[in-house]
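1. Build me a model:
(one chain, ligands or ions: 3)
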Amino acid sequence: MIDIVHVPLGTRAYDIRIGAGLLAQAGTAIAPLLRRPRVAVLTEARVAALHGPTLAAGLEAAGIASSVLALEPGEATKGWRSLETAVEWLIGEKVARDDVVVAFGGGVVGDLAGFAAAVLRRGVGFVQIPTTLLAQVDSSVGGKTGINSPQGKNLVGAFHQPRLVLADTGLLDTLPERDFLAGYAEVAKYGLLGDSEFFAWLETNASALRAGDPAARAHAVRRSCEMKAEIVVRDETEEGDRALLNLGHTFGHALEAATGYGDRLLHGEGVAIGCVLAFELSARLGLCSQEAPSRAAEHFAHMGMRRRLADIPGELPDADALLGLMAQDKKVRDGRITFILARDIGEAFVARDVDLAPVRALLADALAERSRLTLS
Ligand SMILES: NC(=O)c1ccc[n+]([C@@H]2O[C@H](COP(=O)([O-])OP(=O)(O)OC[C@H]3O[C@@H](n4cnc5c(N)ncnc54)[C@H](O)[C@@H]3O)[C@@H](O)[C@H]2O)c1
Ligand SMILES: O=C(O)C(=O)C[C@@H](O)[C@H](O)[C@H](O)COP(=O)(O)O
Ligand SMILES: [Zn+2]
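-> Ligands and ions are numbered 1, 2, ... in the order given. Modelled structure (predicted):
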């Protein structure tokens with residue numbers, strides 16, 4: 001069964017198609033977007049090896065020729081060097097303004113390829129074929145594209161909406177457990193930020209989701225995409241409400257920068273830890289009861305997810321240095337860091353007037369807990 005979530009953004013509207021087996025039909029889905037039967041596929045080596053032949057056959061079956069550039073897997077690929085490689089390759093392939101670039105991979109490939117498409121000849125169209133849970137529920141939707149810089153996450157980028165998203169949920173069968181759990185953090189984020197019923201559903205059904213239950217997968221991906229689409233349509237360029245999708249990210253992005261964008265901490269792991277910190281901060285500020293952060297942390301623990309600073313291996317900087325990294329956040333307004341706080345599970349809001357003293361204290365306590373747990 002195929003689900004369709006429409007993203008009604010006027011001239012930039014598009015569909016998100018969700019279902020098992022979509023990759024094999026990619027050619028039929030993409031063909032109506034093409035002026036000539038040819039696409040350039042940006043991907044990475046692991047995805048290319050596992051699922052490249054199915055995509056190639058699906059395109060060929062619809063008479064579409066494809067050329068492929070497979071980059072190195074991993075977050076380090078989302079940087080200047082790969083951007084240069086990708087854009088120069090697309091130029092070499094003579095990809096024109098009315099051609100389509102296909103982003104085939106997880107969030108790293110999606111963000112990088114989307115940004116390459118945004119800057120190539122001042123903008124060519126692109127299609128997202130997300131292959132991770134994270135990419136199917138979050139990064140392939142909404143048009144945030146970009147790369148990291150050493151100073152901070154996604155500091156260079158553009159809003160550039162895809163023309164179509166094809167989320168083949170069958171591809172999740174090959175996803176490693178750690179990457180599944182990282183993506184699951186973004187799924188749980190939707191419940192935590194705006195839908196307590198969905199969070200309760202996840203508390204009951206996340207194990208089935210992890211085990212690959214098709215109905216659970218379809219529901220989790222569809223509900224996440226619906227929520228993201230609804231927020232993006234309200235505020236495409238993050239003037240206000242879209243920042244809700246950043247729940248956990250102010251902390252998480254600083255932790256990713258502090259750990260060097262690598263294997264020590266995946267994006268979704270930083271988001272899970274950041275969500276617990278954001279709820280903990282909300283409780284300390286008297287905005288919600290202590291039950292809310294405890295419930296989030298307990299669910300993540302039950303899933304075997306990273307949820308505390310203590311779960312990050314290696315050295316971490318002190319609280320002030322982490323605050324320094326958070327000051328690079330794109331939500332900074334009038335020189336002040338914006339936080340996403342919550343009144344309860346499912347009731348997040350954008351807070352622009354948070355005093356930094358309790359944030360520093362929270363980080364210092366979390367770092368102290370980390371030292372205690374590491375020593376014991
Ligand atoms: N643009 C947005 O709105 C948005 C939203 C959320 C996250 N992001 C970004 O997404 C990135 C993280 O994305 P990610 O978690 O998908 O990471 P990723 O792209 O690095 O993929 C994770 C791992 O899974 C492997 N993989 C991908 N598909 C697979 C499959 N089907 N089977 C087996 N292995 C597979 C990859 O090789 C990689 O090792 C971060 O850079 C984050 O900032 C962007
Ligand atoms: O789409 C959004 O808006 C999000 O914030 C989704 C996040 O999950 C995602 O990680 C996004 O890339 C973060 O954006 P940034 O603007 O904080 O870099
Ligand atoms: Zn994210």
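2. Which residues of the stretch 201-350 of the chain lie near ligand 2?
-> Taking C-beta under 6 Å from any ligand atom as the criterion, the stretch 201-350 of the chain approaches ligand 2 at residues 238, 242, 245, 246, 249, 330. Where you see a C-beta, it was placed from the backbone N, CA and C, and this is true even at glycine.
3. Enumerate every residue touching the last one.
-> Translated: residue 330. Shown in contact with residue 330 (C-beta atoms under 8 Å, 6 or more residues apart in numbering): 154, 155, 238.
4. Ligand 1 contacts on the stretch 1-150 of the chain?
-> Residues of the stretch 1-150 of the chain that fall close to ligand 1, judged by C-beta under 6 Å from any ligand atom: 44, 46-47, 50, 73-75, 78, 105-109, 111, 131-132, 134-135, 138-139, 142, 144.
5. Pull the number of nearby residues for residue 289.
-> Each residue near residue 289 was counted by other C-beta atoms under 10 Å, and the total is 13.
6. ugh, wrong one, residue 96
-> Residues lying near residue 96 (other C-beta under 10 Å) number 13.
7. cool, residue 215 as well?
-> Taking other C-beta under 10 Å as the definition, residue 215 ends up with a neighbour count of 11.
8. Let me see the contact set for the closest residue to ligand 1 within the stretch 201-350 of the chain.
-> In the stretch 201-350 of the chain, no residue comes nearer to ligand 1 than residue 267, which is 3.8 Å away by C-beta to the nearest ligand atom. Contact partners of residue 267, counting by C-beta under 8 Å, 6+ apart, are 75, 107, 134, 182, 252, 256.
9. Recalculate using a threshold of 10 Å.
-> Applying C-beta atoms under 10 Å, 6 or more residues apart in numbering, we find residue 267 in contact with 75, 78, 106-108, 111, 134, 138-139, 148, 153-154, 182-183, 185-186, 249, 252-253, 255-256, 261.
10. Format the contacts of residue 330 as TSV; extra columns: pLDDT and secondary structure.
-> Supplementary listing: these in TSV, determined by pLDDT from 0 to 100; DSSP: H, G, I helix; E, B strand; the rest coil:
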residue	pLDDT	secondary structure
154	97	strand
155	96	strand
238	97	coil
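11. Chain neighbours aside, what residue packs nearest to the residue nearest the centre of the chain?
-> Closest residue to the average C-alpha location of the chain: residue 139 at 4.0 Å, with C-alpha atoms, centre = their mean. For residue 139, ignoring the flanking residues on the chain, the nearest one in space by C-beta to C-beta, 6 or more residues apart in numbering is residue 107 at 3.6 Å.
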